[in-house]
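Peer 1: what follows is a predicted protein model with its sequence.
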Amino acid sequence: MCAAITLKTERMELVAITEALAEAELGDLSFLSRLLNARVPENWPPGGTDEESVRCSLRELQRDPAQIGWLCWYFVLLAGPEGNRVLIGKGGFGGKPEPEGTVNIGYSLVEQFRGHGYATEALRKLISWALTIPEVNLIVANVRQQQEESIGVLEGCGFVRSSGESEADTVCYEVSRASFVSG
C-alpha cells in the first residue's frame with residue numbers, strides 16, 4: 001500500500017486519488033467530503049469526468065498501488081466562497097510515464113470555479129511534481145479545438161501546440177522539462 005500524496009499551492013491542496021477516495025466518490029459523496037475535509041459541490045463531478053474514469057482509476061490502483069500520483073488528483077480550494085474548504089475539480093495523469101518519458105495530463109473544474117486561475121495553479125503544481133521524476137521528459141495534453149479557455153490554461157503553463165497525433169476535433173499540446181517554468 002502506498003501512502004497518500006498531497007501537494008500545496010497558494011490557494012489549494014491537491015490530493016492524489018487512493019482506493020478509499022475512489023470508492024467514496026463512487027458510493028458516498030458525504031464520505032468523500034469527510035475524507036477530503038472539504039464540501040463537495042452539488043454539481044459534482046466536473047464536466048469531462050464521469051463514473052467510468054473513477055472506476056478505471058480504482059482498477060489501476062488495485063492492480064498497482066504505485067500508480068498513486070499518476071492518476072487523478074482532487075483540487076481542494078482552501079478557502080471557498082463560504083470560507084470553508086471546497087472540492088473544485090480534478091485532474092491528473094493517464095498513468096506512469098511511457099518508456100520514452102511522456103505522460104498525459106488533463107483537468108476539469110466545476111463550472112462555478114472556472115475563470116479564477118485555479119486550473120493554471122493546479123496544473124503548474126502537477127507539472128512541477130511530475131518533472132521531479134527523472135523518467136519524465138515531456139507532458140502532453142489533448143484538448144478540443146473549440147475549448148479556448150482550456151487552451152489558454154495550457155499555454156499559461158508553458159504548453160505549445162505540437163504535431164502529436166490527435167483526434168479530428170482535438171489538438172495536442174506539450175511542455176518539456178527544458179521548457180517548463182513553474183511561474
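Peer 2: Thanks, I have it.

Peer 1: these two touch, right, Glu149 and Glu111?
Peer 2: No. Checked against CB atoms under 8 Å, the pair Glu149 and Glu111 is beyond contact range at 11.4 Å. (Glycine included, C-beta is placed from N, CA and C.)

Peer 1: how near is the residue nearest the centre of the chain to Gln67?
Peer 2: Compute the mean C-alpha point of the chain, and by CA atoms, centre = their mean the closest residue is Gly91, 1.6 Å away. Relative to Gln67, Gly91 is positioned 15 Å away (CB to CB, to the nearest Å).

Peer 1: equivalent analysis for Cys172, please.
Peer 2: On the measure of CB to CB, Cys172 and Gln67 end up 23 Å apart.

Peer 1: quick check: closest non-adjacent residue to Glu60.
Peer 2: Computed as CB to CB, 6 or more residues apart in numbering, the closest residue to Glu60 that is not its neighbour in sequence is Gln67, at 4.9 Å.

Peer 1: over to that neighbour: give its phi and psi.
Peer 2: phi -80, psi -10 (degrees, to the nearest 10).

Peer 1: quick one, what contacts it?
Peer 2: Glu60, Leu61, Gly95, Lys96 (CB atoms under 8 Å, 6 or more residues apart in numbering).
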